[in-house]
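> structure for this input, please:
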Amino acid sequence: MQTARDKIRELRALHDDGLLSLQEFDRRKNAILDAEYAPPGGLAAPAQLPQRQGTELGLMTGQEIGPQNRRYRLERLIGMGGMGQVWLATDLATHAELGHSELVALKILPPQLTQSATHAKLLIEEATQARKLAHEHIVRVYEWAQDPATSSYFIIMEYLEGQDLDAYLAEQGTLSLESVYKLLSPIGEALQYAWDKHKLVHRDIKPGNVFLTQRGEVKLLDFGIASRARSAGSSLGLQTPNAGTAGYRAPEAGTHQRQPAPKLDVYAVAVMIYQLLEGRMPFDDMRPADFHPSPPRGLNERQWKVLQEGFAYLQERRPASVNELLAELRRAAGPSEAELAAQAEQAAREQAEREQQRRNEQAAQAEQARQTEEKRKAMVAELAARRQAEMQAAAVDKQKQEQQRRALEAKQRAEAEAAAQARKQVLREQLQARRDADAKQARDEREEQQRKAAQLKAEAAYRQEQERHRKQQAERHAAELAALTANTPVADANGVLRDRFLDGSGAGPDLVLIPTGRFQMGSQEHEQALAIKAGAQKNWLDREQPPHWVGIEYSFAMGRFPVTVGQWRRFVKDTGWESQSDTDWRAPGYAQTDEHPVVGVSWMDAQQYLRWLSDRTGQLYRLPTEAEWEYACRAGTKTAFSFGDTISTEQANYDGHYTYNGGPRGAYLQGTSKVGAFQPNPWGLFDMHGNVWEWTQDVVHDNYTGAPADGSAWEQGGDPVRRVLRGGSWLYNPRYLRSAVRNGFSAVLANDIVGFRVARKLA
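Below is the predicted model of the structure:
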């Protein structure tokens with residue numbers, strides 16, 4: 001009986017001979033694969049993928065789906081099966097905020113798999129768990145959503161270019177054992193990471209869920225989601241009740257295990273190894289416990305025994321993990337006992353020779369050490385003598401310098417005394433001239449005494465009135481100054497300002513004074529080249545152009561930290577504010593305290609907080625402008641970050657699985673850190689890189705063409721419904737934490753990666 005792979009080889013031969021078009025080849029190949037791997041009793045995929053027509057879900061090329069604030073345009077149907085459809089789609093709104101490219105893959109699930117609220121909740125939980133799997137060999141899941149028009153749930157994933165392992169095998173045929181290691185070692189690492197970090201088991205390992213990208217990467221697809229969908233569908237009578245795919249499914253799958261174990265995946269990978277080496281499956285889904293397939297090519301007797309343990313009927317006999325299975329296969333390729341004995345004898349002889357050589361070298365080293373010690377002592381004596389001479393010379397130099405200093409001081413004193421005498425002589429001459437002039441004026445005044453008597457009296461009265469008025473103004477100014485000083489915050493020893501509430505019940509956020517100055521806003525060619533090497537996209541970098549000079553000619557104060565949960569809690573208590581967001585600021589999905597930055601706050605919510613804070617303190621609070629934010633973040637630096645052109649997780653909170661410009665890999669906290677957990681920038685501001693994106697006052701513009709040059713907010717033109725975000729967050733790669741990076745988000749939306757810090761006008 002022909003296998004699916006045999007049929008596909010025949011189709012490819014017809015296509016290579018020019019007897020079958022590429023479109024017809026793809027249509028027949030997909031029909032064969034769907035028939036081969038569709039679950040028993042499930043809904044079979046159609047024999048032909050629709051081209052620019054609707055599907056059974058009512059979807060068409062060019063159609064937009066998703067909720068109002070998260071829309072996607074369907075570009076091309078790239079896969080169908082019992083789990084629904086996979087489309088290549090363009091993210092029309094939010095890819096900038098989620099940190100992925102414009103093109104994504106949408107896995108759209110049929111409504112019948114999620115018509116039960118319980119099943120929908122299970123699938124959402126699976127998608128949420130998959131989002132946490134940040135591993136280079138696991139396809140990245142960004143988010144899930146529901147289309148209101150079709151009621152279908154869909155999962156937004158990383159778009160990959162390449163082919164799955166099924167298609168690769170159809171082209172290449174059977175593989176060597178070394179090629180099998182190269183393909184499956186990344187899968188073992190991904191499965192080990194998911195179990196160690198999150199206690200997750202894939203439960204549906206098969207060639208169709210292993211993807212080979214055009215860049216040579218190996219990615220694991222459908223982590224847990226496919227199994228959950230099959231379980232949901234089985235209760236409706238649509239799919240098989242067992243998790244996994246026929247042929248790769250372990251015998252214990254579907255036996256109501258309390259917790260799926262990694263040995264489910266070990267079984268499936270062992271079956272795949274047999275399939276990759278032999279070109280066929282070792283047995284079907286109905287294998288009896290006593291059935292033993294024939295050994296595949298390329299394995300010795302010990303390796304074949306290891307592989308049989310891998311797909312043993314009883315899970316207790318299998319290795320604990322896929323990595324352990326692959327390691328045992330490699331160890332089983334070693335030499336026999338006789339060869340080992342000969343090698344041991346040879347090793348003993350070589351060890352004896354090495355020991356004799358070591359003794360000879362030790363004797364030589366001892367002699368060399370003795371000679372070196374003698375040389376060292378001589379050198380120490382020479383250095384001591386040289387040091388003594390240098391100290392004597394330094395003492396002489398110091399004495400000469402002291403004499404020169406005293407002579408210079410004496411000369412300066414003499415010159416100062418001469419200058420003082422000259423000034424005294426000039427003053428005496430000026431005084432004598434003034435006395436002569438006064439005497440002449442007295443004579444003239446006596447002659448005109450009667451004429452000027454009335455005028456002098458009037459002038460005296462006028463001067464008296466002016467003096468009284470001056471004293472009144474001085475007293476009034478002193479009173480105003482005292483009133484202003486009573487309500488002005490005083491900086492502490494660290495230069496931190498705090499505005500006290502007018503009723504004395506508390507104080508506003510810590511503030512840092514920002515000095516005036518000029519800086520070049522945006523990124524230069526050198527920085528852009530490094531960002532591209534780190535994976536930055538051109539449309540992101542275009543937003544930072546052109547670089548231009550901005551002058552901050554006024555002092556202002558800026559929040560030392562982002563606004564914290566505790567500070568937001570005080571605002572909520574005073575105002576009765578209620579969130580309109582799906583993200584709960586009190587429980588955003590990770591642990592936090594009052595000292596963590598608040599999230600789940602929209603731009604509009606931040607404006608309410610600023611008005612409340614201004615009323616409580618009597619000062620004018622606002623969001624920083626985008627220019628003020630970058631000026632304060634750079635703190636006089638011109639590098640990608642305020643501490644240089646590279647970054648590590650010792651300096652900021654971000655996804656440490658990724659690096660920038662040769663920096664090291666680090667931790668991934670999967671949530672915010674406490675404010676002040678990292679070192680501040682040169683101006684005393686904390687968390688300007690990473691932790692949370694921060695709102696600014698400006699609306700979103702595509703680039704800096706026409707931007708203000710005085711540091712003011714740019715609120716004309718652009719996209720008025722979106723506001724600029726700065727700084728990066730805990731969920732993002734390090735390239736998004738650069739001082740020049742610009743992002744944007746809807747002013748009425750909130751999520752678990754966006755917060756804000758305050759700015760204050762100075763009188």
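> right, and the helix or strand after the host helix or strand of residue 104?
Using DSSP states H and E, residue 104 maps to strand 103-108. With elements assigned by DSSP H and E, the helix or strand that comes after strand 103-108 is helix 111-114.
> what is the mean pLDDT for that next one?
For helix 111-114, mean pLDDT rounds to 71.
> from the contact counts, what lies against that helix?
Applying 3 or more CB pairs under 8 Å, 6 or more residues apart in numbering; DSSP states H and E, we find helix 111-114 packed against helix 117-131, helix 225-234. Where C-beta positions appear, they are placed from N, C-alpha and C, glycine not excepted.
> check the ones you listed for me: which has the lowest mean pLDDT.
helix 225-234 (a mean of 46).
> helices and strands around the strand holding residue 104, which ones?
Judged by 3+ CB pairs under 8 Å, 6+ apart, strand 103-108 is in contact with strand 72-81, strand 84-91, strand 153-158.
> could those strands go into TSV alongside distance to residue 697, mean neighbour count and mean pLDDT?
TSV is the format used below for the helices and strands packed on strand 103-108 (distance: least, CB to CB, whole Å; neighbours: other CB atoms under 10 Å; pLDDT from 0 to 100):
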stretch	distance to residue 697	mean neighbour count	mean pLDDT
strand 72-81	30	18	86
strand 84-91	26	22	89
strand 153-158	30	24	88
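> possible to save those strands as CSV with distance to residue 444?
Output for these, formatted as CSV (distance: least, CB to CB, whole Å):
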stretch, distance to residue 444
strand 72-81, 98
strand 84-91, 94
strand 153-158, 99
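> to residue 602, which of the ones you listed lies closest?
strand 84-91 (20.6 Å; CB to CB).
> now the helices for the stretch 601-750 of the chain?
For the stretch 601-750 of the chain, the helices defined by DSSP state H, counting those that start in this stretch cover 603-617, 626-634.
> rewinding a little: next, the angle from the strand holding residue 104 to strand 84-91.
Angle of strand 103-108 versus strand 84-91, following axes from the mean of the first three to the mean of the last three CA atoms, to 10 degrees, is 150 degrees.
> between the helices of the stretch 601-750 of the chain, which one is nearest to residue 349?
Of the helices of the stretch 601-750 of the chain, nearest to residue 349 by CB to CB is helix 626-634, at 66.6 Å.
> the closest one: which residues count as buried?
626, 627, 628, 629, 630, 631, 632, 633, 634 (16 or more other CB atoms under 10 Å).
> do stretch 134-151 as well
Within stretch 134-151, the residues that count as buried by 16+ other CB under 10 Å are 134-135, 137-147, 150.
> now do the domain split for this structure, please.
Domains of the chain are assigned by automatic domain parsing as 38-159, 162-332, 335-419, 511-563+598-761.
> now do the contacts for residue 666.
The contact partners of residue 666, by CB atoms under 8 Å, 6 or more residues apart in numbering, come to 648, 649, 650, 656.
> are any of these buried, and which?
Among those, those scoring as buried are 648, 649, 656 (criterion: 16+ other CB under 10 Å).
> make a markdown table out of the residues you listed and add pLDDT.
What follows is the buried ones among the contacts of residue 666, written out as a markdown table (pLDDT from 0 to 100):
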| residue | pLDDT |
| --- | --- |
| 648 | 97 |
| 649 | 97 |
| 656 | 96 |
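> okay if I get those as a markdown table plus distance to residue 261?
Below are these laid out as a markdown table (distance: CB to CB, whole Å):
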| residue | distance to residue 261 |
| --- | --- |
| 648 | 36 |
| 649 | 32 |
| 656 | 29 |
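> distance from the chain centre to the helix or strand residue 303 falls within, please.
Taking DSSP H and E as the criterion, residue 303 maps to helix 301-310. With CA atoms, centre = their mean, to the nearest Å as the basis, helix 301-310 stands 43 Å off its chain's centre.
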